[in-house]
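> got a sequence here, can you build the structure:
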Amino acid sequence: MHDLSSYNSFGLHVSAQDLIVVQSEAQLDEIDLEQVLILGKGSDVLFTDDYDGTVLIDEIKGVQIERDGPDYLVRAGGGVVLDELIAELVSRNISGMENLSAIPGTLGAAPVQNIGAYGVEIGDLIEEIEFYDLERHVLQTFDREQCAFAYRSSYFKEHKSDPLFISRVTLRLNSVFDPDLSYKGVRELDPKSPYELRTRIAQLRRQKLPDPQEVGNAGSFFKNPVVTEDKLKELQARYSDLPVYRTAQPGLYKLAAGWLIDKAGCRGITHGHAGTWEHQALVIVNRGGARPHEIVALAQYVRSEVANAFGILLEPEVRVYNRQGEISWEQL
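A predicted model of the protein is given here:
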């Protein structure tokens, strides 16, 4: 058995039957396994038990940068640490990813969840993705449209039963600094350079979110729920301070899950060795020695309290794995 405590940011003491560190596409040709799980840094996963198969760790590295008209095309290995890549790009005055600064995890894992922060989603920046189908043993390339990006979702997440190993990601980024300041809290920053925006974004995250190296967590545990206009009006009649964000779909509005959890009285609570973070209720943390069942039970409690208070059932953002592989929250 191989210890996975350093490959899941909750720091849970779980194991896998076997573990292979993948550093090149050539290695993937040699892998012929029935039960595999692909991980980067494990920053968005929750293990409910030991894993009976083989874990593949994406450590394909390398960064290539070239000009394409007014833009930059940045092609990087899936095992490149996302924040380290952003730091390198900012040092070269290449912009577009600053709002994603200080998010833990690798570049290859980021498109699966279509991670986002402060008004920017990585799917908006992706030109194409190269991935290896471990079942058919073929290397494929998808453009942005084929990736089917949506809020915290993508083709790769929707086809989670397919063993698709993201080996390289190509991003289209800016040569001219044109920051996205649409998100509340970022709007007032007025940055003059990519470096300044990255620095301020990192500061904002540190103020609200715990560092996984110090406190085990997987970042935002729940997705921000989307509601109809009728539901929004019902809630606004009760809460004048309800945070609301427009979506691309007319008649649908996004609410802040952290605000709902806080209002439901669940910020800073503890169950066993798991708890919700005192500075951001959206984050569930390992307070030290937490077991998987404690995190699951706490998440279920938070969901029920929010549902009772607002009539909204929160959907977890983290991906859940049991002994056989990824499962849905409803299967727990």
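> quick check: can you list the domain ranges of this structure?
With domains defined by automatic domain parsing, the chain comprises 2-58, 63-207, 222-315.
> packing partners of the least confident helix or strand in the chain by mean pLDDT?
Least confident helix or strand, the chain: strand 244-246 with a mean of 90, by mean pLDDT, DSSP states H and E. On a contact count with 3 or more Cβ pairs under 8 Å, 6 or more residues apart in numbering; DSSP states H and E, strand 244-246 meets strand 252-255. Bear in mind the C-beta positions are built from the backbone N, C-alpha and C, glycine included.
> at 6 Å instead, please
Taking 3 or more Cβ pairs under 6 Å, 6 or more residues apart in numbering; DSSP states H and E as contact, there are no helices or strands that strand 244-246 lies on.
> nearest to residue 321, of the domains of the chain?
The closest approach between residue 321 and any of those, judged by Cβ to Cβ, belongs to domain 2-58 at 5.3 Å.
> which residues does the helix or strand where residue 302 lies contact?
Assigned by DSSP states H and E, residue 302 falls within helix 292-310. Residues outside helix 292-310 that contact it (Cβ atoms under 6 Å, 6 or more residues apart in numbering): 12, 47-48, 260-261, 264, 266, 271-274, 284, 313-314, 332.
> for the stretch 151-300 of the chain, which segments count as strands?
Under the criterion DSSP state E, counting those that start in this stretch, the stretch 151-300 of the chain contains strands at 164-174, 216-220, 226-228, 244-246, 252-255, 270-271, 274-277, 280-286.
> could I get those as a markdown table with distance to residue 235 and mean neighbour count?
Output for the strands of the stretch 151-300 of the chain, formatted as a markdown table (distance: least, Cβ to Cβ, whole Å; neighbours: other Cβ atoms under 10 Å):
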| stretch | distance to residue 235 | mean neighbour count |
| --- | --- | --- |
| strand 164-174 | 37 | 21 |
| strand 216-220 | 21 | 24 |
| strand 226-228 | 8 | 16 |
| strand 244-246 | 9 | 12 |
| strand 252-255 | 8 | 18 |
| strand 270-271 | 27 | 16 |
| strand 274-277 | 21 | 23 |
| strand 280-286 | 17 | 25 |
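> could you tell me the least trusted of the ones you listed?
Sorting the strands of the stretch 151-300 of the chain by mean pLDDT places strand 244-246 lowest, at a mean of 90.
> one step back: would you list the strands of the stretch 151-300 of the chain in a markdown table and tack on distance to residue 236?
Putting the strands of the stretch 151-300 of the chain into a markdown table (distance: least, Cβ to Cβ, whole Å) gives the following:
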| stretch | distance to residue 236 |
| --- | --- |
| strand 164-174 | 37 |
| strand 216-220 | 24 |
| strand 226-228 | 11 |
| strand 244-246 | 8 |
| strand 252-255 | 10 |
| strand 270-271 | 31 |
| strand 274-277 | 25 |
| strand 280-286 | 20 |
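> distance from the chain centre to the least confident helix or strand of the chain, please.
Relative to its parent chain, strand 244-246 has a centroid offset of 20 Å by Cα atoms, centre = their mean, to the nearest Å.
> stretch 313-326 now?
13 Å.
> pull up the distance across that stretch, start to finish.
Taking Cα to Cα, to the nearest Å, stretch 313-326 runs 21 Å from one end to the other.
> and for stretch 310-321?
Termini of stretch 310-321 sit 29 Å apart (Cα to Cα).
> re the thing from before, can you tell me the strand partners of the least confident helix or strand of the chain and which way each runs?
strand 252-255 (antiparallel) (DSSP bridges).
> from the middle of its chain, how far away would the strand it pairs with be?
Distance, centroid of strand 252-255 to centroid of chain: 20 Å (Cα atoms, centre = their mean).
> using CSV, write out every CA atom in it.
Coordinates of each C-alpha in strand 252-255 appear next as CSV, following Å, rounded to 0.1, in the frame of the first residue of the first chain:
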residue,chain,number,x,y,z
LEU,A,252,-30.7,32.7,-13.4
TYR,A,253,-28.7,34.2,-10.6
LYS,A,254,-25.7,32.9,-8.6
LEU,A,255,-25.7,33.2,-4.8
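> all numbers from here: first residue = 462
Noted, 462 is the first residue going forward, which turns the last one into strand 713-716.
> so what touches it?
Applying Cβ under 6 Å, 6+ apart, the external contacts of strand 713-716 come out as 685-688, 693, 705-706, 708.
> and stretch 466-478, by the same measure?
With Cβ under 6 Å, 6+ apart as the test, stretch 466-478 has contacts from 462-465, 500, 503-504, 506, 508, 511-514, 516, 673, 677, 679, 747, 753.
> if you set the cut-off to 7 Å instead, what comes out?
462-465, 500, 502-504, 506-508, 510-516, 518, 565, 673, 677-679, 747, 751, 753, 756 (Cβ atoms under 7 Å, 6 or more residues apart in numbering).
> buried among these? Make that a ChimeraX selection.
Selection of the buried residues among the contacts of stretch 466-478 in ChimeraX, burial being defined by 16 or more other Cβ atoms under 10 Å:
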select :465,500,502,503,504,506,507,508,511,512,514,515,516,518,565,673,677,678,679,747,751,753,756
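> which of the contacts of stretch 466-478 fall within helices?
Among these, the members found in helices (DSSP state H) are 753, 756.
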